[in-house]
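Undergrad: below: sequence and its predicted model.
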Amino acid sequence: MSFAAHVVVMLKPGIADPQGQTIERALPALGYEGVTEVRVGKHIELRLDADDAEDATRRVNQMCERLLANPVIESYEVSVR
């Protein structure tokens, strides 16, 4: 069976996010006041063949641990359909 997987990778709380900070500082110059705590992450979409949704989720979690995320400083959420 073929499954679509979506992965959202974000820096863990407490880890500096220079890209988010740059965006947060730039938004007021564009007229967007009152925006705080901007964090930037990654959204990864992929399709994979697996026996069932549980197997697909397990395999995508392995991919995250080994390549798609840095578990030391990033957290991730996996959604499989």
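TA: That came through fine.

Undergrad: looking at stretch 52-59 now, give me its mean pLDDT.
TA: Averaging pLDDT along stretch 52-59 yields 98.

Undergrad: how far off centre is it?
TA: On the basis of Cα atoms, centre = their mean, to the nearest Å, stretch 52-59 sits 18 Å off its chain's mean C-alpha point.

Undergrad: one more: stretch 51-59?
TA: Averaging C-alpha positions (Cα atoms, centre = their mean) puts stretch 51-59 19 Å from its chain's average.

Undergrad: residues touching it, excluding its own?
TA: For stretch 51-59, the external contacting residues (Cβ atoms under 8 Å, 6 or more residues apart in numbering) are 1, 3, 5, 48, 50, 78, 80. For glycine as for every other residue, the C-beta is placed from the backbone atoms N, C-alpha and C.

Undergrad: filter these down to just the ones in strands.
TA: Counting by DSSP state E, the contacts of stretch 51-59 place 3, 5, 48, 78, 80 in strands.

Undergrad: got a quick PyMOL command for the buried subset of the contacts of stretch 51-59?
TA: Only the buried entries of the contacts of stretch 51-59 go into this PyMOL selection, using 16 or more other Cβ atoms under 10 Å:
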select buried, resi 3+5+50+78+80
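
Undergrad: can you redo the contacts of stretch 51-59 as CSV with distance to Glu24?
TA: CSV is the format used below for the contacts of stretch 51-59 (distance: Cβ to Cβ, whole Å):
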residue, distance to Glu24
Met1, 42
Phe3, 36
Ala5, 30
Leu48, 35
Ala50, 39
Val78, 28
Val80, 32
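
Undergrad: ok, which pair from the contacts of stretch 51-59 is furthest apart?
TA: Within the contacts of stretch 51-59, Met1 and Val78 form the most distant pair, 16.8 Å apart (Cβ to Cβ).

Undergrad: quick one on the thing from earlier: columns pLDDT and distance to Val72 on top of the ones in strands among the contacts of stretch 51-59, output as JSON lines?
TA: Below are those laid out as JSON lines (pLDDT from 0 to 100; distance: Cβ to Cβ, whole Å):
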{"residue": "Phe3", "pLDDT": "98", "distance to Val72": "28"}
{"residue": "Ala5", "pLDDT": "98", "distance to Val72": "22"}
{"residue": "Leu48", "pLDDT": "98", "distance to Val72": "25"}
{"residue": "Val78", "pLDDT": "98", "distance to Val72": "18"}
{"residue": "Val80", "pLDDT": "98", "distance to Val72": "24"}
